[in-house]
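Chemist: quick one, fold the following:
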Amino acid sequence: MTMIRMTRMGRKKKPFYRIVVTDSRKRRDGGWIESIGHYNPVSANKELTLDEERMNYWLSVGAQMSPTVKRIAGK
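Modeler: Numbering: from 1, shown residues only. Presented below is the predicted three-dimensional model:
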């Protein structure tokens, strides 16, 4: 099953997350199919960039959103 979830990037104590589509059996930072956005919780305004068109495509073909991505994206 495919999942839309976050993978951690950045350095120690300065996290930066990519929102990616991946196989649910892969590790958190393992390989992914497509990157559809990013989230930066460290910046002053908690920057979120998300490709809505690609996210809707993946949801239409059966991908599931992780609870964290669902909360951040406001779905």
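
Chemist: the closest residue to Lys14 other than its chain neighbours: what's it in contact with?
Modeler: Leaving aside its sequence neighbours, Lys14 sits nearest to Val42 (Cβ to Cβ, 6 or more residues apart in numbering; 5.7 Å). Every residue, glycine included, has its C-beta placed from N, CA and C. With contacts taken as Cβ atoms under 8 Å, 6 or more residues apart in numbering, Val42 has the following neighbours: Gly10, Lys14, Pro15, Phe16.

Chemist: nearest to Leu59 among the residues you listed?
Modeler: Phe16 (24.0 Å; Cβ to Cβ).

Chemist: surely the closest one is within a helix?
Modeler: No - when DSSP: H, G, I helix; E, B strand; the rest coil is applied, Phe16 is found to be strand, with no helix at that position.

Chemist: how near is it to Gly10?
Modeler: Noted for Phe16: a distance of 4 Å to Gly10, by Cβ to Cβ, to the nearest Å.

Chemist: these two: which has the busier surroundings?
Modeler: When Phe16 and Gly10 are compared on other Cβ atoms under 10 Å, the one with more neighbours turns out to be Phe16, at 17 against 12.

Chemist: and that one, bridged to which residues?
Modeler: Met9 (DSSP bridges).

Chemist: if you count contacts, what does the longest helix seen in the chain end up packed against?
Modeler: In the chain, taking DSSP state H as the definition, the longest helix is helix 52-60. Taking 3 or more Cβ pairs under 8 Å, 6 or more residues apart in numbering; DSSP states H and E as contact, the helices and strands that helix 52-60 lies on are strand 2-11, strand 34-40.

Chemist: can you put those in a markdown table and add distance to Gln64?
Modeler: Rendered in a markdown table, the data for those read as follows (distance: least, Cβ to Cβ, whole Å):
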| stretch | distance to Gln64 |
| --- | --- |
| strand 2-11 | 6 |
| strand 34-40 | 14 |
